[in-house]
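1. Sharing a model that was predicted from the sequence below.
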Amino acid sequence: MSKAQVESGEAEPLSPRAARRVLISLMFSSMLMPMVSGMSRVALPVIRDDFGIPADLTAWVLAAFMLPFVVLMPIYGRLSDGVDRRVLILVGTVIFGVGSTMTFMAPDMRWLMAGRAIQGIGVGGMTPMGMALLASIFSAGERGRVLGTWSAVGPAMSFSSSFVAGILIAIWGWRAAFVPGLLLSVVTFVAIYRGVPSQVIGEASKFLRQFDWGGVGLLSGGIVFLMFYLSSRSVTGVAPFEDWRLLSGAGLFFAGFWWWERGREDPFLALNFFGNRMFCRVTFCASMRMFVQGGIGVLMPLYLVDVHRMGPALLGVFLIISSAAMTLIVRFGGQMADRFQSRWLVMIGMFVQLTVMLGFAHLSDTISTWVIAGLLAYYGLGAGLMLAALHSTVMGTVDSDQMGAAAGLYSMLRFMGMAISTALVGVALQFFFDANLATLDAYQKVFMVLAIFPVLGMVVAFGLREKRL
């Protein structure tokens, strides 16, 4: 039976039924990010052709969402240690709804990018706050199963959203892909409002006054400048990796952040997390997993359209394959994480990612679509197998009073891998196009580049150790 608990002022325990209700309610908030991501991936080739933009700017249709999403993760996570998490999730849901409306109505690329960024601001805290809530409510022996159940919602939503997006876009165009997200934000608001109890963690106004807003600004500035440097052509007009002003700005912000945080008693990001070797190992592996996933998110829809000439409806069907496979196995992976060493699950998952990248790097343009479908399903199984193991292991490396901050930092760093790869894949693809490579050759070379990162993840995963009950 669950030792359910909410971090209220009196730490009153929740009944098993109430704990399950919280879990179900949080599933709705965890649907927002994968829904908008899955639908925008299907819309990506149509948006590219509609606006006539190059590959590196096309990647920013996804990166504009990922950048604020990544920046705000640790902020939401740290705020959730002193402010009612229910309120933060409700506010984020409203912001997401506003961004979805702007994106749907966007008359040009500037409005589209702004709407995507506001969507990212809204959902930036859903993952760390959901993880922290569940980790505080359920006992350590149950977390793998619970987090596996909760994590399964994301792939399931990606599965259905890609399929629905393909049909909607084929009939009404790319704008229709952003309507379901707006509707889901309304449902999510009601579910959280009714299903998640308020948490009186402390005096919120005092916490906000003492919050490390200087650290927030410095870290955010460093991440933004770094992302702009990696894909500077879309921002300053200078070729990627050549605008040293942006790189210098990133370095100054990061250095300032390190200096600022070291001098504070209650820093925004406790630097002691970086002295936790297991926390760093798990986070690195999660970042490598997400690096590949982010690259695939940009590359696969463009590859299937440019090389295999798929229309929106068929594209939506193919993009659900990996999500469907991930949905089938992610809860099983959570159960395995409660019974076996996570390092083996992570290494197997990384190996699967590696073999899929190498497989796509050697496919011809005449290959049967059944082979493509098989590779995508295989990829989903590998990615899903290690997901809950990573979540459960990282939460076991920190004390309960730091779970919000730890979940925020962990989520930020793993999704930062996705954000960086989203921008870099667009840059790499455009680089090979500019080098006059054939379309298939350009895509194959980018797949080979992505194959490097699961290898790095496997090396680090071999050293994973966790506390066993």
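-> Received, thanks. Residues are numbered from 1 along each chain as shown.
2. hey, let's count contacts and neighbours off CA atoms from now on
-> OK.
3. Let me know the secondary structure of residue 398.
-> Following DSSP: H, G, I helix; E, B strand; the rest coil, the label given to residue 398 is coil.
4. Please pull out the lowest mean pLDDT helix or strand from the protein.
-> helix 204-210 (a mean of 74; mean pLDDT, DSSP states H and E).
5. give me the element residue 375 is part of.
-> If you go by DSSP states H and E, residue 375 is part of helix 369-385.
6. And the very next helix or strand once past that helix, what's buried?
-> Following helix 369-385 in sequence order, the next helix or strand is helix 387-395 (DSSP H and E). Residues 387, 388, 389, 390, 391, 392, 393, 394, 395 are the ones in helix 387-395 that count as buried (16 or more other C-alpha atoms under 10 Å).
7. Can you tell me which of the residues you listed comes closest to residue 78?
-> For the buried residues of helix 387-395, the residue nearest residue 78 by C-alpha to C-alpha is residue 395; the value is 14.9 Å.
8. give me every residue that touches the closest one.
-> Residue 395 makes contact with 135, 403, 406, 407 under the criterion C-alpha atoms under 8 Å, 6 or more residues apart in numbering.
9. And it, how far from residue 59?
-> Distance of residue 395 to residue 59, computed by C-alpha to C-alpha, to the nearest Å: 32 Å.
10. Equivalent analysis for residue 116, please.
-> Taking C-alpha to C-alpha as the measure, residue 116 falls 12 Å from residue 59.
11. for residue 142, same thing?
-> According to C-alpha to C-alpha, residue 142 stands 39 Å off from residue 59.
12. same check, this time on residue 271
-> Residue 271 sits 32 Å away from residue 59, going by C-alpha to C-alpha.
13. Residue 407 too?
-> To residue 59, residue 407 is 27 Å away according to C-alpha to C-alpha.
14. so the spatially most central residue of the chain is in which element?
-> Among the residues of the chain, the one closest to the centroid is residue 415, at 4.5 Å (C-alpha atoms, centre = their mean). Per DSSP H and E: residue 415 is located in helix 403-434.
15. contacting residues around the following helix or strand past that helix?
-> The helix or strand immediately downstream of helix 403-434 is helix 439-450, counting by DSSP H and E. Contact with helix 439-450 is made by 292, 295, 299, 303, 306-307, 357-358, 360-362, 364-365, 425, 428-429, 432-433, as judged by C-alpha under 8 Å, 6+ apart.
16. picking that back up, out of residue 271 and residue 59, which sits in the more crowded spot?
-> Counted by other C-alpha atoms under 10 Å, residue 271 and residue 59 do not tie: residue 59 has more neighbours, with 29 against 12.
17. quick one: the helix or strand hosting that one to helix 403-434, angle?
-> Applying DSSP H and E as the criterion places residue 59 in helix 55-79. Angle, helix 55-79 to helix 403-434, by axes from the mean of the first three to the mean of the last three C-alpha atoms, to 10 degrees: 170 degrees.
18. Summarise which helices and strands helix 55-79 is packed against.
-> Helix 55-79 is packed against helix 16-51, helix 109-123, helix 126-137, helix 213-230, helix 403-434, with contacts defined by 3 or more C-alpha pairs under 8 Å, 6 or more residues apart in numbering; DSSP states H and E.
19. of the ones you listed, which approaches residue 168 most closely?
-> helix 16-51 (9.7 Å).
20. tell me the angle the closest one makes with helix 109-123.
-> Note on geometry: by the same axes, to 10 degrees, helix 16-51 and helix 109-123 are set 170 degrees apart in direction.
21. List the buried residues of helix 16-51.
-> Neighbour counts using 16+ other C-alpha under 10 Å place 16, 18-48 of helix 16-51 among the buried residues.
22. roughly how far is it from the heart of the chain?
-> Offset of helix 16-51 from its chain centre (C-alpha atoms, centre = their mean, to the nearest Å): 11 Å.
23. now swap in stretch 271-285 and tell me
-> In terms of C-alpha atoms, centre = their mean, the centre of stretch 271-285 is found 19 Å from the chain centre.
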